[in-house]
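**Q** return atomic coordinates for the entry below.
(4 chains)
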Protein chains: 2
Amino acid sequence: MVRACRLPAEVPGSRSGTPALIWTGQSNLGVTMRTLTRKGAATRQRILEGAAAHIREHGVAATTLDDVLARTTTSKSQLFHYFPGGREELLLAVARFEADRVLEDQRPQLGDLTSWPAWQSWRDKVVDRYRRQGRLCPLNSVTSHLGNRTPGAQAVVTELMDRWQAEIATGVRHMQDAGEVDPGLDPDRAAAALLAGIQGGVLIQMSTGRTTHLEAALDMGIAHLRTGRLPPP
Amino acid sequence: MVRACRLPAEVPGSRSGTPALIWTGQSNLGVTMRTLTRKGAATRQRILEGAAAHIREHGVAATTLDDVLARTTTSKSQLFHYFPGGREELLLAVARFEADRVLEDQRPQLGDLTSWPAWQSWRDKVVDRYRRQGRLCPLNSVTSHLGNRTPGAQAVVTELMDRWQAEIATGVRHMQDAGEVDPGLDPDRAAAALLAGIQGGVLIQMSTGRTTHLEAALDMGIAHLRTGRLPPP
DNA sequence: CAAAAAATGGACTGTCAAGTCCAAAAAGGC
DNA sequence: GCCTTTTTGGACTTGACAGTCCATTTTTTG
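**A** Numbering: from 1, shown residues only, chains lettered A, B, ... in the order given. Okay, the predicted model is just below:
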């Protein structure tokens, strides 16, 4: 067994004027949490990121709580202390964590779709992001495990998709304002189609290991913005 | 406990000239199987379809072997007799079963993409198919559970995607031959983009419950065929 | 410093489900 | 009809893993 971390003076600020206790409001499953010290918050974060890393490497099915414990040198009591809802709450937290990464990894390009070179640059960034990620999609893995029992998992994905689509749509409107895109095109619908192409491209990549579909979908979506007109629903 | 089925004369043809023993070659995990009687083949099929149905309703995670047994009024020994590889082999067989359904459910339209109304009809069939299926995608569920350990699961999906894309590409070439689509467009790449849109649309539907993204992706893909040109890779 | 609250260690329990095994019944081959 | 092969029932074993519990240490507060 590896010795557990024993670093009593590791956490600074204990004596300063700033409050050392952090109120976290609610935990992820509606359970009201107590206050956390800095050390506690750090431990919680360590568990969360350790779980995310293990899932990224091995998938959800092959990730047990003991795996996470071993990797983060924490104990059962700590895990259940910070995630009272147990495995399910932890997985949901990981889903949130990964969902946040998805959009952040596309910055700043995603928020600046104001010229065709900018669109191309975003396209390249997306392809690169998923090429790096490889065959594992932690978010899809987690949500497909939590599945339908947990409305929370669906909510995380839905919110991500909404935000993602909205940012793309904003870019489309920019281009319309600049006279580069047919004003008769519905920006939200075009963004929805483009987003679907990305998702499907990534999904196919998970089986084939290749990003060809992702690239084709992005290229077609952008090409269609430049030339085409989407018929109204 | 429900009484197990006891229907000795249920299986006809035992006395006819046709052989009653069926050679199945190989099982799904490389284990060589013995011969099956008609009754045996029927039992195997019952288990397979029962498993598929349970998964479609509850997802893979919530499907135990005992669930399948109860639903199909069979016993453990039968399941392991026909699926020596146990749970994993059964899930893989379900994946194959579902993969076959996917393309069949698009017939005959998928094989006859020879006019714009035909494309539209196919589009409607795809949307309808997934609207009926609801939020559960059994194939995605199964493969994402088998995940990466099992190369077989990836092979099933990869083969499905290849065949699907090939059929779409054939449709594109038809339209090119008919002078309805820009001959400079790469049919395989266009089909790849369209396929990615479908997959992503379905994936998003699994979280949101709506088919808007699927519809937008299909409409954009087809619209692009009619008007646009996909830049070469 | 002393009391209260939070963080931690780790053993223990209970459950659940996959997989094994053997004996008995049914069906096929000749 | 007799022998072989296949099919079936269901109890039993085994292992893993989520979740509980309590004692101990550390930190905060006043």
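
**Q** what about the residue nearest in space to the middle of chain A, distance to A:L218?
**A** Nearest to the centroid of the C-alpha atoms of chain A, with distances taken as CA atoms, centre = their mean, sits A:A99, at 1.7 Å. Relative to A:L218, A:A99 is positioned 20 Å away (CB to CB, to the nearest Å). In this view, the C-beta of every residue, glycine as well, is placed from N, C-alpha and C.

**Q** can the helix or strand hosting A:A190 be said to contact chain B?
**A** For A:A190, the host element (DSSP states H and E) is helix A:187-208. Yes - interface with chain B: helix A:187-208 contributes A:189-190, A:192-204, A:207-208 (CB under 8 Å from any CB of the partner chain).

**Q** what about A:R132, how many neighbours?
**A** A total of 8 residues lie near A:R132 under the criterion other CB atoms under 10 Å in any protein chain shown.

**Q** what angle separates the helix or strand hosting it from helix A:187-208?
**A** A:R132 is part of helix A:116-133 when elements are defined by DSSP H and E. Orientation check (axes from the mean of the first three to the mean of the last three CA atoms, to 10 degrees): helix A:116-133 against helix A:187-208 gives 30 degrees.

**Q** contact partners of helix A:116-133?
**A** In this structure, residues lying in contact with helix A:116-133 by CB atoms under 8 Å, 6 or more residues apart in numbering or on different chains are A:105-106, A:109-110, A:112-113, A:171, A:175, A:180, A:198, A:201-202, A:205, A:211, A:214-215, A:218-219, A:222, A:225-226.

**Q** can you list the low-confidence ranges for chain A?
**A** For chain A, applying pLDDT under 70 flags the ranges A:1-34, A:228-233.

**Q** in it, which residue sits closest to DNA strand C?
**A** Closest residue of chain A to DNA strand C, CB to the nearest atom of the strand: A:G40 (1.9 Å).

**Q** just give the nearest non-adjacent residue to that residue, would you?
**A** Nearest non-adjacent residue to A:G40, counting by CB to CB, 6 or more residues apart in numbering or on different chains: A:Y82, 7.2 Å away.

**Q** and for the residue in chain A that DNA strand D sits nearest to, the neighbour number?
**A** Proximity of chain A to DNA strand D (CB to the nearest atom of the strand) peaks at A:G86, 2.4 Å away. A:G86 is flanked by 12 other residues according to other CB under 10 Å.

**Q** could I get the full set of strands for chain A?
**A** Remark: strands assigned in chain A by DSSP state E are A:21-23, A:35-37.

**Q** biggest helix in chain A by residues?
**A** helix A:151-177 (DSSP state H).

**Q** buried members of the residues of helix A:187-208 next to chain B into ChimeraX, please.
**A** A single ChimeraX command selects the buried members of the residues of helix A:187-208 next to chain B (16 or more other CB atoms under 10 Å in any protein chain shown):
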select /A:189,190,192,193,194,195,196,197,198,199,200,201,202,203,204,207,208
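
**Q** please state the offset of stretch A:218-227 from the chain centre?
**A** 25 Å (CA atoms, centre = their mean, to the nearest Å).

**Q** identify all contacting residues around it.
**A** Looking at what lies outside stretch A:218-227 - CB under 8 Å, 6+ apart - the contacts are A:116, A:119-120, A:123, A:126-127, A:172, A:175, A:180-181, A:185, A:190, A:193-194, A:197-198, A:201, A:230, B:189-190, B:193-194, B:220-221, B:223-224, B:227-231, B:233.

**Q** out of these, who's near DNA strand C?
**A** Among those, no residue lies close to DNA strand C (CB under 7 Å from any atom of the strand).

**Q** without its sequence neighbours, what residue ends up closest to the residue of chain A closest to DNA strand D?
**A** Distances taken as CB to CB, 6+ apart place A:F80 nearest to A:G86, at 6.3 Å, with adjacent residues excluded.

**Q** hmm, that neighbour is touching A:E88, no?
**A** No - A:F80 lies out of contact with A:E88 (CB atoms under 8 Å); the separation is 11.9 Å.

**Q** touching, A:V181 and A:A169? I think so.
**A** No - with contacts counted by CB under 8 Å, A:V181 stays clear of A:A169, the gap being 11.5 Å.

**Q** could you check how far A:A178 is from A:Q120?
**A** Distance of A:A178 to A:Q120, given as CB to CB: 16 Å.

**Q** with A:F83 instead?
**A** As judged by CB to CB, A:F83 and A:Q120 stand 42 Å apart.

**Q** for these two, indicate the residue with more neighbours.
**A** A:F83 (25 against 14).

**Q** show me the contacts for the residue nearest to A:Q199 when sequence neighbours are not counted.
**A** What sits nearest to A:Q199 in space, not counting adjacent residues and going by CB to CB, 6+ apart, is B:G200, at 3.2 Å. Residues in contact with B:G200 (CB under 8 Å, 6+ apart) are A:L195, A:A196, A:G197, A:I198, A:Q199, A:G200, A:G201, A:V202, A:L203, A:A217, B:H213, B:A217.
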